[in-house]
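Enquirer: Model the following, please.
(chains A and B)
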Amino acid sequence: MRQKFTAFPGMEDILPGEVERWQWLEQRARIFFESRGFREIRTPLLEPAELFARSIGEATDIVHKEMYSFEDRGGRKMSLRPEMTASVARAVIEKGLLKTAKSLRLYYLGPMFRAERPQAGRKRQFHQIGIEMINEAGLEADVEVIRLLYDFLKYTGVAEPLVQLNDLGNAQNRPKLAEDLRHYFDREKSKLCPDCHWRLEKNVFRIFDCKVESCQPVIQSAPWDEVHPLGEDFEKLTQMLNGQKIPFTVKRRLVRGLDYYDGVVFEAVSRSLGAQDAVAGGGRYNQLYAELGGQKTPCTGFSIGMERLLTVLENEMEPLSEKIRKRRVYLAPLDASDEILDIFRKKALELRELGIRTETLPGEFSLSRHLKRANQWNIRYVLMLGPDEIKKSKCTVKDLDEKQQFEIGLDELSSTMERVLRT
RNA sequence: GUGGGCGUAGCUCAGCUGGAAGAGCACAAGAUUGUGGAUCUUGGGGUCGCGGGAUCAAAACCCGUCGCCCACCCCA
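Expert: Next comes the predicted model:
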C-alpha cells in the first residue's frame, strides 16, 4: 500500500454510492429555496484576503489562523473562501444589485475552506447551503429566516430541529456589552480556566463556549439580564415564533465566532453529532455592507453544514437509496437480431427522456447473466425482449423484488413504466 | 499548537508468552445460452504504514518517524 498521492487531510473524496445523497440534498435545497423566491448566486472560490479580514474580523480564529491564503503571480493576496456571506456582499456591492431591486433573496451552495485540524464534523474543505436576505430589516425578516431554516430541516427529514437563539445587541450597545461582561468575568477570574483567561483578553463572548466543568457556574450566573436585558423586540420575536409553532430555546450563552453578527443570532443543533453539534448557524448583520464600502444594508441569513446535516439524516436516509433505485430499469435483449436491438435502442431513448435510468450489459444475450447483472446493480425491473415477445409485439417485464412478471405492449411500454416507477 | 487512540488484503478485522501472513465480506471465472440473489469450485490480490535496533528467528519486543481517527481550541 505504498501510495504516491493522497488527498490532503480534511479534504475528502465523495465517491459513487455516497454522492447520491449529496445530489439529493442539493436538489432538495434548490427546490425548497427557489420555490420561496430565492435565487442562486455563485461566486469565486478565491477572493481578496482583505475581504474576509474586514468582514469576519481580524481577531477571529477563522481569519488569523484558519484561512488558506497566498499570493498569486501578480503579488495579489488571496484566500480560499472560509464562508460565503462576505463573498455575496462583495458581489452585491460590486455589481450594484441593489440598484435595480429594493431587496434581495439569495441562496448558495458549495465548498468552503478552513485550515483547522480535521475532526468529526469538521473538515478543511466542507460544504454549506445558505441563504441571505439582503436589505430586509424588521422582526418579520428575523422570524422568516428562522422559519425557513426550521422548515428546510424538516423538509429534508430532520425529525425535530431544535433552534437556539440569543440577542447579541446592536452596533451601538455591543461594545458596552462586551465591556460589562469583561468586567464581570475579570472579577471571577480566579475561578476560570487558563483558556478563558485568554478569551477574556481576546474576545469575552467566546467564554460562553467553554466546556470546562469548573467554568460553568461562573458562565451560568453571568449578568446578562443586567448588562443587556432581552428587549421588547426580542420578546415580540419569541411571541411570533410561538405563534408560528416553531420550537426554540433562548440560550443567552450562545455567541458566534464571526464579528459581523449583531442583533438576533441562532443555531440549529443536534445531539447526534458529537462534539460539533451545530447543524446550522446564522443571524442578523446590519453593519457588514457599510464596512465593505457599500450603503448601510440590514441583512440576515444562515448557513447549513451539509456534511453535518447528512450525518444527522443518516438514519432517515435509508429510504433514499430505495427511491433512487426505483427510477431505473434494465434492458435484457435475448438475441442479437437487428430488430430486437433496434427496438431496444428506441425504447431506451424514450425511457431516458422520461428521466428513467436505463442500463444494460452490451453484447450479452444470456438471460441468466442479465438477471444476475440487474440484481448486482440493484435494479428492480428487467425489460426482456426476445423472439417470443417480438411475435406478440410485447415486452416481458420482470419485477425482481416481487418475483412477478407481466407483459406490456411495445407501444405503451415507456408510459407504463413511467407509471409503475412513479409509485 | 496540545492531549488520547489506532495503523495487517478493496472493506471489517483476527493473529496468544516471538517459530512458514489468515478469516469474513467484496471482486473475477465457472457449475447455469429464456428466469436472478443461495450453494459449491477456482482465481486475483500483502514491503503487516515507513526506517532502524536487539534476536538463530519479528506483524508481534525496543527506539524513531509518518499517517489516520477522536478530543481541546474554533466553527458549519
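Enquirer: Now name the helix or strand holding the residue nearest to A:Met306 when sequence neighbours are not counted.
Expert: Excluding its sequence neighbours, the residue lying closest to A:Met306 (CB to CB, 6 or more residues apart in numbering) is A:His127, at 4.0 Å. C-betas here are computed from N, CA, C, even on glycine. Assignment of secondary structure by DSSP states H and E places A:His127 within strand A:125-134.
Enquirer: what about that strand and RNA strand B, any contact?
Expert: Yes. Taking CB under 7 Å from any atom of the strand as the criterion, strand A:125-134 and RNA strand B are in contact, through A:Phe126, A:Gln128.
Enquirer: how about the next helix or strand after that strand: buried residues?
Expert: As assigned by DSSP H and E, the chain's next helix or strand after strand A:125-134 is helix A:139-156. Neighbour-count burial for helix A:139-156, with 16 or more other CB atoms under 10 Å as criterion, is recorded at A:141-150, A:152-153, A:156.
Enquirer: Stretch A:338-346 too?
Expert: Across stretch A:338-346, burial judged by 16+ other CB under 10 Å covers A:Ile340, A:Ile343, A:Phe344.
Enquirer: Repeat that for stretch A:263-281.
Expert: Burial within stretch A:263-281, assessed by neighbour count using 16+ other CB under 10 Å, is assigned to A:263-270, A:273, A:277-281.
Enquirer: So which residues make contact with it?
Expert: For stretch A:263-281, the external contacting residues (CB atoms under 8 Å, 6 or more residues apart in numbering) are A:119-122, A:142, A:146, A:149-150, A:153, A:158, A:161-170, A:234, A:237, A:248, A:254-256, A:282-286, A:300, A:302-305, A:308-309, A:311-312.
Enquirer: could you redo the last one with a cut-off of 6 Å?
Expert: Outside of stretch A:263-281, the residues that reach it under the criterion CB atoms under 6 Å, 6 or more residues apart in numbering are A:120-122, A:142, A:146, A:149, A:161-168, A:170, A:256, A:283-284, A:302, A:304, A:308-309, A:312.
Enquirer: just stretch A:64-78 next, same as before
Expert: Residues from elsewhere that reach stretch A:64-78, judged by CB under 6 Å, 6+ apart: A:Leu46, A:Ala49, A:Ser79, A:Leu80, A:Pro82, A:Phe113, A:Arg114, A:Ala115, A:Glu116.
Enquirer: How many residues are close by the first one?
Expert: This points to A:Leu46. By other CB atoms under 10 Å, 17 other residues sit near A:Leu46.
Enquirer: And the fifth one, by the same measure?
Expert: Applying other CB under 10 Å, we find 24 other residues in the vicinity of A:Pro82.
Enquirer: Surely it forms part of a helix?
Expert: No. Assigned with DSSP: H, G, I helix; E, B strand; the rest coil, A:Pro82 falls outside any helix and is coil.
Enquirer: In contact with it, which residues?
Expert: Taking CB under 6 Å, 6+ apart, one finds A:Ile62, A:Met67, A:Met112, A:Arg114 in contact with A:Pro82.
Enquirer: From those, list the buried ones, please.
Expert: Buried residues within those, counting neighbours by 16+ other CB under 10 Å: A:Ile62, A:Met67, A:Met112, A:Arg114.
Enquirer: and stretch A:177-195, anywhere near RNA strand B?
Expert: Yes. Applying CB under 7 Å from any atom of the strand, one finds stretch A:177-195 touching RNA strand B at A:Asp195.
Enquirer: roughly how far is that stretch from the heart of the chain?
Expert: Averaging C-alpha positions (CA atoms, centre = their mean, to the nearest Å) puts stretch A:177-195 36 Å from its chain's average.
Enquirer: What average pLDDT does that stretch get?
Expert: In this model, stretch A:177-195 has a mean pLDDT of 80.
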